[in-house]
Every structure is written in C-alpha cells, then in structure tokens.
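**Q** fold the following for me, if possible:
(2 chains)
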Amino acid sequence: MIETFRQVLEQSVARLSAQTTQYLPPLFVAIVVFGVAWIVAVVLRWLLLHAFKGERFDAFLRRTGIGTMLDQSGRLRASPLLAHGIYYGILLIGLLNAISVFETEITREIVDGVVHLLPKLFAAAAIILAGVWLAQYLGRGALLWASNEGFPWARRFCAFVRVVVVFVSIVVAADVLNFARTVFFSAFLIFAIGAVCAACLVLALNSREVYRWFADSRKHAGEEEGERSIWNHL
Amino acid sequence: MAQDILPQEARLAIEKLGRADIVIGIPSYNNARTIGHVVRAAQAGLNKYFPDFQGVIINSDGGSKDDTRKQVLEAQLDASQLLLLNTPLNPVHRLSFPYHGIPGKGSAFRMIFQMARDLGAKACAVVDSDLRSITPEWFDLLLRPVVHRGYDFVAPYYHRHKYDGTITNSIIYPLTRALYGYRIRQPIGGDFGMSLPVVETYLKRDDWETDVARYGIDIWMTTIAVASGYKVCQSFLGAKLHDAKDPGADLSAMLQQVVGSVFSLMIEFKSVWMGVHGSREIELFGFRYDVGLDPIAVNLDRMVQAFLRGESDLREIWAIALSDQTLREIHAIARGARSSPAESFRISDELWVSLIYEFASAYAELPAARAHLVRSLTPLYLGRVASFVNETRDMNAGEVEERIERLCLVFEQLKPFLVERWGGPRVDELPKPSAPATGHPQEVSS
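**A** As a prediction, this is how the structure comes out:
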C-alpha cells in the first residue's frame, strides 16, 4: 500500500519535473518576448504622443465627420488614436510571438487563426466604420427632409434609417468574417419585414393623425399659393 | 477653357446672324402666360433706346410643356402705338432654344452668355420671364450704364413689399455688403446688365454644374462681378411684380442653392473679403418714384412652428456649426416661444448674424456636411422671418428700410469675428473700420 502510494507520488513528481523542464524555459522566453514587446509599445506610444502632431490627419477626421462620429465631443485627435493603435498592434504581435514560442499544436492553431483572421477583422471593422458614417450621413439627410417637410416623427424616422444602414453593414461584415452569416442575414430579413409591418401598423393606428398631417401640408401649400409664394423669399 | 454647350440650331443661328451689339436673355420654364409681355417690352426697349444697335432677344428654355417658345417667336410689337422717338434702323431678332444640362436658371443663362460672347455683344441683359411690371425702360436702365458709361455690371434696384425678398433682406444683402463692402441692394434680383468682359469671366469658370446651375446663379453673378473688381452700379427699375409659379419649388432647396453659393464663393474669394471693412454706396441710376405693391400675407404661426420643429429635431446638426453660446440662445428663444404667442417671437440681430457667420465658417471647414448644414438653416431662417414680420408689422417702407440698414450694420460690426474664425487676425489686432480697399477699381458715390 505504502509502496504503491510512493510510486504514484514519484511518477507525479517525475511528470511535473518533466513538464516543468519542458515548458518553463518557453514560458520564461514567452514572458520575456511579451515584456520586450510591451516596452517597445510603451516607448513608441510615448514617442508618438509627444512627437507626432498629425494636424493633417486631425483636419481629415474633422472635415469628413469621422472625428465627431467616433467621439461626439469632437476632441478626438490623430496622435492619441495612432499611438494607441500602434501600442495595441505591437502588443498583439508580441503576444502572438510569445504564444508561438511554445510550439504546440494548439498555440500554432491560435497563431495561424489570428494571422488569417486579422485582415478579415480589419475589413469588417472598416465596413462597420463606413456603415456607421453612412448611417450618420443618410440619417441626417432623412432628418432634414422629414423636419423641413413637417413630418411628425422626424427623429424616429432618422433613427430608423440609421439602424437599417448599420444593420446592413453588420450583415456585410459578418459575411466577410464568415461568422454567423445566416443568423445575421435572417435577423436582418426578420427586422426588415418587422419594420415594414410596424410602419404599416403605426400608419393604420395613427391614420387620423397622418391624414391630418397630409391634409395640413396640402392646405399649407394651397395657402402659400394664395398668400406668399415661395418666390417671395428670393 | 469654357465648354461649348450650345445646341446645333443655336450655332446655326449665330452663323446666320454673324454679330450683335446687344443681347437680351430671357430664361423660361412654362411661362407662356407672361413671356410674351417680357419679349415685347424687350423689343420696345431696344427699338426705343438702342435704335442704332443690332439687338437680339434670346429665350433659353428649360423644356416648357406649354407654348412658351411659341409665345416668344410670335410676340408682336405694334410699334406705331408706342410713338417711338427714333425710327429703328436694325430689326430686333428673336430666338428661342432649349438649353442642355442641369435644369435650372443658371444653365439657361449659360447658353445665353455663350451666344452673347459668340455674337460679340458689347452688352447683355438678362430678365426673368415671369415679370408683370417690366417696361421698355428697364432695358435702357440695365444696358445704358454698360453701353455709355463704362460700367461692367448693373444690378437692379426695386421697390418691394416689406415681406417680399426675405432671403435677400435677412441674409444675402447684409452678408454680401459686409463681405465685399458694396451696398448692392438686390444682389439676387434676377434682372441684370453686364459687359462682354464680365460675360467672358463667367464663361471661363468651371463651377457651372454646381448650385450655380439653379437658383445660385444670381448671387454668383453679382459676387464674381464685385470680387473680380468690375465696375458695378445699380439701376432703379420701379416695382418688381412677378407671376412665378413652380409647384416643384422647395424653400429648403432654394435656400441651400442660394446660401450655399454665397458660402462657396466666400471660400474662393477669402483674400478679397477678409481685408474689407465697412461698406459704401454705389452709383444708382434711374428716376426714383413710389409705386403701389401687391400685398403679401404671411402665416406667422406656421413660421414659428417650423422654427420650433427645427429646434427640437435638428439640434445635432446645428451643434456641428454653432457655438455653445449661440445654441443656448436659440434654445432659450424656443423655450420662450412655446409658452408665448407667435406675435412676441423675436430673434435678435446679434444672434442672427453670429449664427450666419458660424454656419459660413462650418461650411468652409466641413465639406462633408455642407448640404446638411445649409438645409438645416431653413427653420432658423423662417424663425428670423417671423421675428422680422413681428418687428415691422406697423412700419412703413422707409422704416423697414431703416430696420434692414440696422441689421446690415450688425453684420459689418461682427465681421471681425468671422475673419478670426476663418484664420484671419484676432479681433483685438484688427485695424479700425474703413471703406473698401482703395485699390478696388470702382467708382462709387457717397
């Protein structure tokens, strides 16, 4: 009994010792690799934050409206954006290098997966970013149209346009990533059909209000013709 | 190099005519009811005041569905009843062609200008086709300063009802005056006279297919003439009574085209207007007299409601252009308006001017948001018109003119803040106000 227990204990210690001698040096190397990457990332971030002003890029972000889209306060600047982007990029590269030190099947798969997925992730992020920008642009156009026409639910209409455009961009991004394609597409279809049904229901339930708005707008047009023509503005 | 947009039949007509001294251009779209009168007035004007000149009347039509072009070609003038002092030496030719390109008044003008240049005309006048108050004297007043006094651009000066021309009175006139320093009272009047060099300057430009193709054309013509240093004057034409009806017209689009053109030209002519302080009168030709005007009724409630709707819906767009202080003041006005009658609604001159200057600056700074910014101005503009109506309800024409003058002075006083926003010197570094630069090649009267 005691002998058996001693053997089990010896085997466990031997296995632990073997695993330690096998994995400890790579772990140490991995920590060193990640540490170096972290130091490089921190130094580069500091340099970029203090040396790179990026005024042209700031102007581009401001002129295109991307700046306010990412940061409503409008205080988004190029140098922190770039510095943080590079910081996390270097950290990711360091992490992948650190993982690959172990040279096991699973770490190899992780590294390969990330390397293959990264371009798709960038593409998907770009699609979503473009979708959000387009949603903002089209939403504002819809809002202006609806408000200037005296449409009763202008902001809701604007929100609806934005949601639809962002949803479309998410569906396209999911397709690029090959991630839950059918789920997103089906969800979009259900959403679109639901939105149409909801719109019909809203119109039906508020038919009196809608009719009044339509009649008012017709009446106003008639009044304007009788009173002050649009040409009196010029 | 100017693009040739003339239709084949217009080219053939130019070849046949060879040359002309004076071209009168009339843009049209479904104006069969009124254009005959305008053509007859033009014909009589040429016969009476320019009998020694070869005159051509050109109608540039936007594809009218009625008999507009037929009316132009068939308009008959009974010269014997007019008791003209001069015997006409040259017949007046009448031409009518459809223009090509973006539908709009600007595209129609483009064809007229191209024909005027190709015919070598010394002077060109353009008038609207819906005018009821036009007389032969208008053509004398628009063309004589060019033909006999060496002016390059003649702007109209009308008597208008106090509620007529509200875009002109609240934005375009005060802003143009503050920017370029010349008091052109009707910069978007629509009836102008100009010399061949001005016409050539217009044709050399490459922005014809922008808002200029539509309602932006009038302010575009005036601004280019002023900013390019041409000799500019005004002619008093009496009353402007017109019969315009375009069911497709939309105030928001109209405002976008006119104000967008002013803002675009501000970007181009930044170096011209930044150095101008104050303003001065320009020569006004013609015998001034009082005229009866068509009454214009306004719907005050609807304008205030449009302002309030905009204030509640368009905050996020206004926030792109307006400073926190301006936004706060607008919200305060809206809060007050929700609990008070429309008759007490007011937007102060200072707030209005700050708002216009801030929109102009944002327009220059944010190209991606330009269309949205200018369209979002509509409720603010309607609010300002409502305020103007309230303030001037009991005023006569002279008092209203004084009221507009006060607004113009506020535009001029606050211009340094606009200059500062556009990267010019800070307000405290600016020189004391003075008249426009003396180097500007313009004779002005004080």
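
**Q** going forward, measure contacts between C-alpha atoms and count neighbours the same way
**A** Fine.

**Q** per-domain residue ranges of the chain.
**A** Unless you meant another one, I'm taking chain A. By the record's domain assignment, chain A is partitioned as A:1-103, A:119-234 (automatic domain parsing).

**Q** ah, no, chain B please
**A** Using automatic domain parsing, chain B is parsed into the domains B:8-285, B:300-393.

**Q** pick out the shakiest of those domains, pLDDT-wise.
**A** Comparing mean pLDDT over those, the weakest stretch is domain B:8-285, at a mean of 89.

**Q** now do that one: distance to the chain's middle.
**A** With C-alpha atoms, centre = their mean, to the nearest Å as the basis, domain B:8-285 stands 10 Å off its chain's centre.

**Q** ends of that domain, how far apart?
**A** Domain B:8-285 has an end-to-end distance of 39 Å (criterion: C-alpha to C-alpha, to the nearest Å).

**Q** save the domains of chain B as TSV, and put in mean neighbour count too.
**A** Formatted as TSV, the domains of chain B follow (neighbours: other C-alpha atoms under 10 Å in any protein chain shown):
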stretch	mean neighbour count
domain B:8-285	20
domain B:300-393	19
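
**Q** what's the closest of the domains of chain A to residue B:108?
**A** domain A:119-234 (18.2 Å; C-alpha to C-alpha).

**Q** start to end distance for that closest one?
**A** 54 Å.

**Q** what helix or strand does residue A:83 sit in?
**A** Element membership for residue A:83 (DSSP states H and E) is helix A:78-100.

**Q** which SS class is residue B:394?
**A** coil (DSSP: H, G, I helix; E, B strand; the rest coil).

**Q** show me the contacts for it.
**A** Not one residue lies near residue B:394 by C-alpha atoms under 8 Å, 6 or more residues apart in numbering or on different chains.

**Q** before we move on, what about residue B:137?
**A** Per C-alpha under 8 Å, 6+ apart, neighbours of residue B:137: B:45, B:237.

**Q** ditto for residue B:168
**A** Neighbours of residue B:168 in contact, by C-alpha under 8 Å, 6+ apart: A:233, A:234, B:186, B:187, B:188.

**Q** which of these sits closest to residue B:30?
**A** Distance to residue B:30 across the contacts of residue B:168 (C-alpha to C-alpha) is lowest for residue A:234, with 19.3 Å.

**Q** now that closest one: closest residue in space, sequence neighbours ignored.
**A** residue B:165 (4.6 Å; C-alpha to C-alpha, 6 or more residues apart in numbering or on different chains).

**Q** now look at the strand or helix carrying residue A:156 and say if it contacts chain B.
**A** In the assignment (DSSP H and E), residue A:156 maps to helix A:154-177. Yes: applying C-alpha under 8 Å from any C-alpha of the partner chain, one finds helix A:154-177 touching chain B at A:154, A:155.

**Q** just the buried residues of that helix, please?
**A** Neighbour counts over helix A:154-177 (16 or more other C-alpha atoms under 10 Å in any protein chain shown) mark A:154-155, A:157-175, A:177 as buried.

**Q** which residue ranges of chain A form helices?
**A** Applying DSSP state H to chain A gives helices spanning A:2-51, A:55-64, A:66-70, A:78-100, A:105-148, A:154-177, A:181-205, A:207-226.

**Q** of those, which approaches residue B:233 most closely?
**A** Using C-alpha to C-alpha, the helices of chain A put helix A:207-226 closest to residue B:233, at 34.0 Å.

**Q** tell me the secondary structure for residue B:124?
**A** Assignment for residue B:124 (three-state DSSP): strand.

**Q** any idea what it is bridged to?
**A** The partner list for residue B:124 in beta bridges (DSSP bridges) reads residue B:23, residue B:194.

**Q** what's near enough to touch it?
**A** Neighbours of residue B:124 in contact, by C-alpha under 8 Å, 6+ apart: B:22, B:23, B:24, B:25, B:113, B:116, B:143, B:193, B:194, B:195, B:196.

**Q** one more time with 7 Å
**A** B:22, B:23, B:24, B:116, B:193, B:194, B:195 (C-alpha atoms under 7 Å, 6 or more residues apart in numbering or on different chains).

**Q** model confidence for residue A:30, exactly?
**A** 89.

**Q** how many neighbouring residues does it have?
**A** Using other C-alpha atoms under 10 Å in any protein chain shown, residue A:30 is surrounded by 21 other residues.

**Q** so how far is residue B:149 from the closest residue to it other than its chain neighbours?
**A** Excluding the flanking residues, the one nearest residue A:30 by C-alpha to C-alpha, 6+ apart is residue A:98, at 4.1 Å. Using C-alpha to C-alpha, residue A:98 is found at 86 Å from residue B:149.

**Q** picking that back up, pLDDT on the helix holding residue A:83, on average?
**A** pLDDT averaged over helix A:78-100 gives 87.

**Q** in that helix, what's buried?
**A** A:78-80, A:82-84, A:86-87, A:90-100.

**Q** same for that helix, what does it pack against?
**A** Judged by 3 or more C-alpha pairs under 7 Å, 6 or more residues apart in numbering or on different chains; DSSP states H and E, the packing partners of helix A:78-100 are helix A:2-51, helix A:105-148.

**Q** what about those, which gets the closest to residue B:388?
**A** helix A:105-148 (20.3 Å).

**Q** give the rounded mean pLDDT of that closest one.
**A** Mean per-residue pLDDT for helix A:105-148: 90.

**Q** only C-alpha atoms, please: export stretch A:178-191 in PDB.
**A** Output in PDB follows, covering the C-alpha atoms of stretch A:178-191 (Å, rounded to 0.1, in the frame of the first residue of the first chain):
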ATOM      1  CA  ASN A 178     -17.700  34.200 -42.300                       C
ATOM      2  CA  PHE A 179     -19.200  34.500 -38.800                       C
ATOM      3  CA  ALA A 180     -22.900  33.500 -38.300                       C
ATOM      4  CA  ARG A 181     -23.700  34.600 -41.800                       C
ATOM      5  CA  THR A 182     -27.100  33.100 -42.000                       C
ATOM      6  CA  VAL A 183     -28.000  34.200 -38.500                       C
ATOM      7  CA  PHE A 184     -27.300  37.900 -39.200                       C
ATOM      8  CA  PHE A 185     -28.900  37.700 -42.700                       C
ATOM      9  CA  SER A 186     -32.000  36.100 -41.300                       C
ATOM     10  CA  ALA A 187     -32.100  38.600 -38.400                       C
ATOM     11  CA  PHE A 188     -31.900  41.400 -41.000                       C
ATOM     12  CA  LEU A 189     -34.700  39.900 -43.000                       C
ATOM     13  CA  ILE A 190     -36.900  39.500 -39.900                       C
ATOM     14  CA  PHE A 191     -36.000  43.000 -38.900                       C
END
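
**Q** hmm, who's touching it?
**A** Against stretch A:178-191 from outside (C-alpha under 7 Å, 6+ apart): A:167, A:171, A:174, A:175.

**Q** quick one: mean pLDDT for that stretch?
**A** In this model, stretch A:178-191 has an average pLDDT of 82.

**Q** that one: how far from the chain's middle?
**A** Using C-alpha atoms, centre = their mean, the offset of stretch A:178-191 from its chain centre is 17 Å.

**Q** can you pull the buried residues of that stretch?
**A** So, applying 16+ other C-alpha under 10 Å, buried residues of stretch A:178-191: A:181, A:184, A:185, A:188.

**Q** okay, the second one and chain B: tell me how far apart.
**A** This points to residue A:184. 30 Å (C-alpha to the nearest C-alpha, to the nearest Å).
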